[in-house]
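**Student:** Please find the sequence and the predicted model below.
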Amino acid sequence: MPHPSPAQVVHGSAAVIGSTLLMVLLFPSAPGWAVGAMTVVALTLGVLVAVRPGLRAGARTAPAAVAEPRPAGAPKGTGRIDAERPRAVRV
């Protein structure tokens, strides 16, 4: 699993702080067990916010395979088994 970037950590931390402040403002006289539940919910939300963009971006990091252009007079087969398979080109 890839490590989150600094921007993802900042977004996750902001989600934890913001959700905690929102829950404390909504329920100012909550009992101790409710404060513990708020803490768990806020930390879970922060982890999800920090990790989820990395999971979505990880699928897009692989380079796309692009076929190499063939010169006009070149023969079609080269005798290699994988000659017609497209190859990845680094950009």
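**Tutor:** Looks like it came in fine. Numbers count the residues shown, from 1 in each chain.

**Student:** What number of residues are in the vicinity of residue 16?
**Tutor:** 20 (other CB atoms under 10 Å). Glycine gets a C-beta too; all of them are placed from N, C-alpha and C.

**Student:** and it, helix, strand or coil?
**Tutor:** Following DSSP: H, G, I helix; E, B strand; the rest coil, we place residue 16 in the helix state.

**Student:** That one: what's it in contact with?
**Tutor:** Listed by CB atoms under 8 Å, 6 or more residues apart in numbering, the contact set of residue 16 reads 42-43, 45-46.

**Student:** measure it to residue 23 for me?
**Tutor:** Distance, residue 16 to residue 23, using CB to CB, to the nearest Å: 11 Å.

**Student:** next one: residue 89
**Tutor:** 50 Å.

**Student:** Sketch out the low-pLDDT regions of the chain for me.
**Tutor:** Along the chain, the parts satisfying pLDDT under 70 run over 1, 53-87, 91.

**Student:** again, only this time at 90
**Tutor:** 1-12, 15, 20, 23-24, 27-30, 32, 34-36, 38-39, 45-91 (pLDDT under 90).

**Student:** all helices of it, in order?
**Tutor:** Taking DSSP state H as the test, the helices found in the chain are 6-26, 32-58.

**Student:** Which positions within the first one qualify as buried?
**Tutor:** Just to be clear, that refers to helix 6-26. Residues 8, 11-12, 15-16, 19-20, 23 are the ones in helix 6-26 that count as buried (16 or more other CB atoms under 10 Å).

**Student:** Also stretch 44-55?
**Tutor:** So stretch 44-55, judged by 16+ other CB under 10 Å, has buried residues 45-46, 49-50.

**Student:** got those as a markdown table, with distance to residue 27 columns?
**Tutor:** Formatted as a markdown table, the buried residues of stretch 44-55 follow (distance: CB to CB, whole Å):
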| residue | distance to residue 27 |
| --- | --- |
| 45 | 16 |
| 46 | 19 |
| 49 | 22 |
| 50 | 25 |
